[in-house]
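Enquirer: Give me a model of this one.
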Amino acid sequence: MENTQSDIDFIMTDLLPEMVYNRCFCDPNSREFVEFESANIHQSKKNNINSIRKLYKGQVIVQFSGEPKVFSVIIKLLPNDQSPSNYNDDIYGYFLNEEMFYNKIIKKYKLDIYPKCFVADMGKYGRPVIVLEDLESFGYHNIHEDDDKLDEDHLNLLVKSIAKFHGRGMKIKRDEFNDFREFYAKLVTPVSNDDYIKTINKAFNDLKDNLTTDLAQKWYNKIENTSLIMDHQFNKFITICHGCFNKEHWLFKYDNNNKPIDIKILGWNNMIYTNVIYDLKFILEKFSDNLNFNKIHDIFHEYFCNIIIEYNEQSNEKLYREFLLTYYYPNIILNNKTRENEIEIIKLLDKL
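Expert: Below is the predicted model of the structure:
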């Protein structure tokens, strides 16, 4: 309780007045006179979700040329009982990941799938802080805590949003590699470019052990005729991924019929530089047990189409073949060990 009150005192007396002075709540090019009026800050009920930071929320009132304006905010802090040099490397590094995301990556990606950030800084305000808009004040909500599956509407929104992020990253990697390299080189988690090769080998061995040898050989022959680029710099499908698609990081907005119409994604502190299936596979494994083989295939296809919209690649057919053979089919094979699905896989392979 004492630490919580100390955090709130810091927020009220140091952080928020300094943010107002630095015009963090102002629109770009605004010249209005601003003044901190008041704030009501309390510890968030979600504070126990993530052990690497402390979470607060509340409302901030700022005077703009004498007119009050209310901002609903979420405030993330690192514990204040240690100096930065004594922080656990991972704890400090994950916070640094998110600081880089909001200060640099979103300016380059220019998407609409994350909240507005008022400030993200590792030391200017006396301790590491990230201040975001509180999406709940704009009608966004998490899915129910007891809901272990996503219906089709939720799933489609989620897949489309992460595909946009992956595709935009692939495009920046292709067109502005030096900028992109600065992003992934600073992530806490090292470059991981061999997971998908392990998946391919595991899928092939699994086929030999559990399915028909014909299917295993057919798929393996297709793979042999597809160029597998090992170097992460030249592999199009290795990019920055979210890294931790916990449902607490998804906030949906709903229409009057309770149908989800928009999504925002939080929790960018776990970003990882790896193959694009990393995030999508997590979604399908955790929340899509009720989907049949054909629906899963449709999801992968829709995901790829949204990647291509962002990536803007002309040779889509060749890219799609590479995507299916080296990312999609290995995962499908490992999770669909029935004779019926085996036949469907063979039919799809024959089309390539």
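Enquirer: before we move on, could you check phi and psi at the nearest residue to residue 93 once chain neighbours are set aside?
Expert: Spatial nearest neighbour of residue 93, excluding adjacent residues (C-beta to C-beta, 6 or more residues apart in numbering): residue 188 at 3.7 Å. Heads up, the C-betas are built off the backbone N, CA and C, glycines and all. The phi/psi pair for residue 188 (degrees, to the nearest 10) reads phi -60, psi -50.
Enquirer: Distance check, residue 188 against residue 90.
Expert: Note on residue 188: its distance to residue 90, by C-beta to C-beta, to the nearest Å, is 6 Å.
Enquirer: would you list every one of the helices in the stretch 251-352 of the chain?
Expert: In the stretch 251-352 of the chain, the helices defined using DSSP state H, counting those that start in this stretch lie at 277-287, 293-311, 316-323, 329-335, 339-350.
Enquirer: For the shortest one, give the mean pLDDT please.
Expert: To tie it back to what came earlier, the one meant is helix 329-335. Mean pLDDT, helix 329-335: 64.
Enquirer: Going by neighbour count, which residues of the helix or strand residue 91 falls within are buried?
Expert: Using DSSP states H and E, residue 91 sits in helix 89-100. Residues 91, 92, 93, 94, 95, 96, 97, 98, 99, 100 are the ones in helix 89-100 that count as buried (16 or more other C-beta atoms under 10 Å).
Enquirer: tell me which of the residues you listed is nearest to residue 19?
Expert: residue 99 (15.0 Å; C-beta to C-beta).
Enquirer: any idea how far the closest residue to that closest one other than its chain neighbours is from residue 63?
Expert: Leaving aside its sequence neighbours, residue 99 sits nearest to residue 120 (C-beta to C-beta, 6+ apart; 4.5 Å). Distance from residue 120 to residue 63, counting by C-beta to C-beta: 24 Å.
Enquirer: So these two - more neighbours on which side?
Expert: Taking neighbours as other C-beta atoms under 10 Å, residue 120 and residue 63 compare with residue 120 leading, 21 against 16.
Enquirer: hang on, the more buried one is in a helix, isn't it?
Expert: No: counting by DSSP: H, G, I helix; E, B strand; the rest coil, residue 120 is not part of a helix but strand.
Enquirer: Correct me if wrong: it contacts residue 114.
Expert: No: counting by C-beta atoms under 8 Å, residue 120 sits too far from residue 114 to count as a contact (11.7 Å).
Enquirer: what's the overlap in contacts for those two?
Expert: The overlap between the contact sets of residue 120 and residue 114 (C-beta atoms under 8 Å, 6 or more residues apart in numbering) is empty.
Enquirer: phi, psi of the residue nearest the centre of the chain?
Expert: The structure's the chain has its C-alpha centroid closest to residue 242; by C-alpha atoms, centre = their mean the separation is 3.1 Å. Dihedral angles of residue 242 (phi, psi; degrees, to the nearest 10) stand at phi -60, psi -50.
Enquirer: Quick check: what element follows the longest helix seen in the chain along the chain?
Expert: Criterion DSSP state H: the longest helix present in the chain is helix 152-175. Next helix or strand after helix 152-175 toward the C-terminus (DSSP H and E): helix 177-185.
Enquirer: contacts for that following helix?
Expert: Helix 177-185 is contacted by residues 100, 104, 105, 108, 169, 172, 173, 191, 233, 240, 273 when judged by C-beta under 8 Å, 6+ apart.
Enquirer: ok, now how distant is the residue nearest to the centre of the chain from residue 272?
Expert: To residue 272, residue 242 is 8 Å away according to C-beta to C-beta.
Enquirer: show me the contacts for the residue of the chain positioned farthest from its centre.
Expert: Computed with C-alpha atoms, centre = their mean, the residue of the chain farthest from its C-alpha average is residue 66, at 39.0 Å. Neighbour list for residue 66: residue 33 [criterion: C-beta under 8 Å, 6+ apart].
Enquirer: could you measure it against residue 256, distance?
Expert: From residue 66 to residue 256 the distance is 37 Å (C-beta to C-beta).
Enquirer: and if you look at residue 29?
Expert: As judged by C-beta to C-beta, residue 29 and residue 256 stand 36 Å apart.
Enquirer: Spit out the contact partners of residue 272.
Expert: 187, 189, 192, 240, 241, 243, 278.
Enquirer: out of the residues you listed, which are inside strands?
Expert: 240, 241 (DSSP state E).
Enquirer: Restricted to buried residues, select the contacts of residue 272 in ChimeraX.
Expert: Selection of buried members from the contacts of residue 272 for ChimeraX, criterion 16+ other C-beta under 10 Å:
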select :187,189,240,241,243,278
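Enquirer: Switch the contacts of residue 272 over to CSV; also include distance to residue 8 and pLDDT.
Expert: CSV is the format used below for the contacts of residue 272 (distance: C-beta to C-beta, whole Å; pLDDT from 0 to 100):
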residue, distance to residue 8, pLDDT
187, 31, 93
189, 32, 81
192, 39, 65
240, 34, 95
241, 35, 93
243, 30, 90
278, 37, 83
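Enquirer: Show me the shaky parts of the stretch 151-300 of the chain.
Expert: In the predicted model of the stretch 151-300 of the chain, residues 190-197, 199-200, 203-204, 206-216, 219-220, 222-231, 286-293 satisfy pLDDT under 70.
Enquirer: can you confirm residue 234 is in a strand?
Expert: No: assignment of residue 234 by three-state DSSP gives coil, placing it outside any strand.
Enquirer: and it, what does it touch?
Expert: Residues near residue 234 by C-beta under 8 Å, 6+ apart: none.
Enquirer: And this structure, what are its domain boundaries?
Expert: Domain assignment for the chain by the TED database gives 1-138, 144-351.
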